[in-house]
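# build me a model:
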Amino acid sequence: MTILQEAHKEAAFAPALAARATAPVSAPASARRRRVARDTLEYKAIYVITFPLFLFAAAAGRLTGSSTGQERRSVFGEANELASATIPMAFMG
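Now for the predicted structure:
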């Protein structure tokens, strides 16, 4: 193939490449933002619903004396740590 033929071939594909380069990329980005917003809302809803259960578990652990040997924090801090460590597993997979 000669240089002239290669240049003509490249010129034929140039409009298609230019159209692809200027295509709106906001559609996938907006879909991603909606998915992230939905996941965030679901996470907050699950957190609000399950936090009392984790609070009960942390309080029960304090009453029974089962300590993990770590520094003591408030019951609410322990419940928050339990919820923050457990709830993301619902979003895996």
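
# after the helix or strand bottoming out on mean pLDDT in the chain comes which helix or strand?
The helix or strand of the chain with the poorest confidence is helix 3-21; it has a mean of 55 (mean pLDDT, DSSP states H and E). Note on helix 3-21: by DSSP states H and E, the next helix or strand toward the C-terminus is helix 26-64.

# what mean pLDDT does that next one have?
Averaged over helix 26-64, pLDDT sits at 89.

# what packs against that helix?
helix 75-86 (3 or more Cβ pairs under 8 Å, 6 or more residues apart in numbering; DSSP states H and E). Every C-beta, even on glycine, is put in place using the N, C-alpha and C of the backbone.

# using PDB, write out the CA atom coordinates for the helix it packs on.
Below are the C-alpha coordinates for helix 75-86, written out as PDB (Å, rounded to 0.1, in the frame of the first residue of the first chain):
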ATOM      1  CA  VAL A  75     -21.200   1.900  73.700                       C
ATOM      2  CA  PHE A  76     -22.300   4.100  70.700                       C
ATOM      3  CA  GLY A  77     -18.700   4.000  69.300                       C
ATOM      4  CA  GLU A  78     -18.600   0.200  69.600                       C
ATOM      5  CA  ALA A  79     -22.000   0.000  67.900                       C
ATOM      6  CA  ASN A  80     -20.900   2.300  65.100                       C
ATOM      7  CA  GLU A  81     -17.700   0.200  64.600                       C
ATOM      8  CA  LEU A  82     -19.700  -3.000  64.400                       C
ATOM      9  CA  ALA A  83     -22.200  -1.500  61.900                       C
ATOM     10  CA  SER A  84     -19.500   0.100  59.800                       C
ATOM     11  CA  ALA A  85     -17.600  -3.200  59.600                       C
ATOM     12  CA  THR A  86     -20.600  -5.400  59.000                       C
END
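
# relative to helix 26-64, how tilted is that helix?
Here the directions of helix 75-86 and helix 26-64 differ by 130 degrees (axes from the mean of the first three to the mean of the last three Cα atoms, to 10 degrees).

# packing partners for helix 75-86?
helix 26-64.

# count the residues that sit near the nearest residue to D39 once chain neighbours are set aside.
Sequence neighbours aside, F91 is the residue nearest to D39 in space, at 6.4 Å (criterion: Cβ to Cβ, 6 or more residues apart in numbering). For F91, the tally of surrounding residues (other Cβ atoms under 10 Å) stands at 10.

# good, wrapping up.
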